[in-house]
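>>> can't give you the sequence, but here's the structure:
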């Protein structure tokens with residue numbers, strides 16, 4: 001938070017000055033109202049019209065300043081909030097995948113939006129609120145002490161009680177706020193997962209069960225809110241009773257002084273107003289604590305994410321040069337003596353070796369859940385081995401360890417749908433923003449996708465819709481392959497990416513991939529025999545190892561699975 005305060009100190013400073021001006025005008029209006037009442041009652045000989053004009057002028061000035069402050073506050077809040085969210089959003093995207101994978105996407109979404117919004121709002125308003133509250137409190141205290149020190153003492157009688165209750169309230173509010181944010185995060189996760197899997201929910205007739213769970217989450221949210229409200233109302237009544245008692249004491253003391261003839265009606269009016277301002281300002285200072293607590297919890301949740309390890313880009317320049325050379329020479333991928341486990345002592349495999357050379361198609365086979373996708377993630381540098389190394393390099397050239405820097409050499413087609421809302425062309429240009437229509441068409445043709453795209457009403461400008469719902473699974477796979485081809489990377493990874501294609505189309509797509517770039521290294525995770533017949537080598541992943549298998553072992557695997 002301090003970092004962002006320093007970044008936006010000028011905007012916050014302007015806002016503080018404007019807010020302080022409004023507080024000074026408010027104090028001036030109170031003093032002027034005293035003079036106006038005394039002028040009307042004859043307690044002084046000041047010109048009534050002049051005092052009334054000054055009082056009205058102060059009120060109108062405060063009105064315009066408040067309007068300007070509100071406008072400035074909105075502009076600054078939008079700017080600061082958007083920039084902080086964008087900053088946190090980018091940090092999340094650049095966080096090491098292995099560390100980030102422990103968090104649910106809905107939880108991350110809430111931290112980027114809800115928590116970041118809370119922090120941004122406090123950064124903008126906290127210091128101005130502190131300054132204006134202190135000005136109101138200090139100004140009222142000086143004016144009251146100047147006129148009658150005993151009135152100031154009476155007005156502050158409730159301060160010790162308010163201070164004690166605020167400390168207790170702060171501890172309880174911290175507990176409630178954590179519960180609120182956890183419930184809000186769970187609700188965001190549930191909503192996101194529900195709408196993402198709506199087809200599955202409908203297909204299995206799970207609407208009633210999902211609705212029941214939705215109501216349970218709502219009930220949990222209501223329960224926390226009601227408990228928090230009950231506590232807040234109890235504290236409000238307690239402090240309110242104390243405040244009323246002090247207010248009555250101040251009013252009674254002012255009336256007594258007036259009855260004795262020691263003060264004027266205007267002074268009594270000012271006393272009552274300033275005493276209320278003292279109590280209100282002191283309560284306002286104490287009430288800043290819950291705001292800081294809420295913001296502190298949000299800041300902790302954000303820092304939990306932003307403090308995770310970042311993707312290392314130190315080899316980026318060398319990786320880009322390796323990619324450039326790979327156009328003519330190709331790029332190999334090697335795993336050497338790799339040990340990997342998600343949790344200690346739960347090893348996926350040990351001493352794993354794998355080679356994929358330029359111009360080769362290498363396949364991975366194995367039972368589901370035994371490590372094929374994990375292997376691909378290791379090659380991409382998304383995960384890192386506990387022992388051994390994963391490396392890429394040009395034949396006869398320099399070698400680099402697999403990392404976030406080396407991902408520029410990969411085109412990756414994961415399992416499942418990876419299409420985004422927008423047109424087909426928009427999806428293609430995600431990997432190559434400056435791609436021409438001709439380049440996009442060539443990639444679609446190479447992936448055997450142009451044959452159905454050209455028949456669409458708007459061709460490659462046809463809207464994909466969310467999750468590509470207008471296309472079949474086979475069509476979505478071919479569009480994903482076309483996008484990967486457009487990226488023109490020297491290594492292509494297909495994770496069950498042709499499973500929805502018929503055998504003839506699958507073989508045609510693989511031939512086109514090699515034909516388009518003969519030096520390309522292709523790594524395929526698959527189960528179909530049509531793929532294996534085109535491969536230079538096949539590795540079996542499972543039973544704690546990765547090993548090359550022959551044709552006989554491939555057939556045996558296919559018979560078993």
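Cool, the structure landed. The shown structure was predicted, so the numbers you read here are calculated from the model rather than taken from an experiment.
>>> Residue 8 contacts residue 84, doesn't it?
No. In this structure residue 8 lies outside contact range of residue 84 using C-beta atoms under 8 Å: 9.1 Å. The C-beta positions use only the backbone N, C-alpha and C, and glycine is treated the same way.
>>> The two: who's more crowded?
residue 84 (23 against 18; other C-beta atoms under 10 Å).
>>> Please state the offset of stretch 465-474 from the chain centre?
What separates the centre of stretch 465-474 from the centre of its chain is 27 Å, taken as C-alpha atoms, centre = their mean, to the nearest Å.
>>> Measure how buried residue 324 is and give me the count.
12.
>>> Which neighbouring elements make contact with the strand or helix carrying it?
In the assignment (DSSP states H and E), residue 324 maps to helix 316-329. Packing contacts for helix 316-329, counted by 3 or more C-beta pairs under 8 Å, 6 or more residues apart in numbering; DSSP states H and E, involve strand 399-401.
>>> before we move on, back to that, shared neighbours, residue 8 and residue 84?
With contacts defined as C-beta atoms under 8 Å, 6 or more residues apart in numbering, the residues adjacent to both residue 8 and residue 84 are residue 123.
>>> average pLDDT for the host helix or strand of residue 272?
Here residue 272 sits within helix 265-306, counting by DSSP H and E. The average pLDDT within helix 265-306 is 73.
>>> same deal with stretch 486-497?
Averaged over stretch 486-497, pLDDT sits at 86.
>>> Any idea how far apart the tips of that stretch sit?
With C-alpha to C-alpha, to the nearest Å as the measure, stretch 486-497 spans 16 Å from end to end.
>>> For the stretch 451-561 of the chain, which residues score under the pLDDT cut-off?
Scanning the stretch 451-561 of the chain with the threshold set as pLDDT under 70 gives 467, 500, 530, 558-561.
>>> circling back: list the strands paired with the helix or strand just after the helix holding residue 324, with their directions.
Per DSSP H and E, the first helix or strand lying C-terminal to helix 316-329 is strand 332-343. The strands beside strand 332-343 in its sheet (DSSP bridges) come out as strand 346-356 (antiparallel), strand 387-393 (antiparallel).
>>> Export these as CSV, with columns for mean pLDDT.
Compiled in CSV, the strands paired with strand 332-343 are given as follows (pLDDT from 0 to 100):
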stretch, mean pLDDT
strand 346-356, 90
strand 387-393, 93
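>>> mind giving me JSON lines with the ones you listed and columns for mean neighbour count and distance to residue 488?
Converted to JSON lines, these look like this (neighbours: other C-beta atoms under 10 Å; distance: least, C-beta to C-beta, whole Å):
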{"stretch": "strand 346-356", "mean neighbour count": "18", "distance to residue 488": "18"}
{"stretch": "strand 387-393", "mean neighbour count": "19", "distance to residue 488": "16"}
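>>> now for those, which one comes closest to residue 524?
Relative to residue 524, the nearest member of the strands paired with strand 332-343 by C-beta to C-beta is strand 346-356, separated by 10.0 Å.
>>> Centre-most residue in this structure?
Nearest to the geometric centre of the chain sits residue 112, at 1.6 Å (C-alpha atoms, centre = their mean).
>>> ok, it to residue 320 distance?
Using C-beta to C-beta, to the nearest Å, residue 112 is found at 30 Å from residue 320.
>>> I'd like the domain boundaries of this protein, if you could list them.
Following automatic domain parsing, one finds the domains of the chain at 2-306, 316-560.
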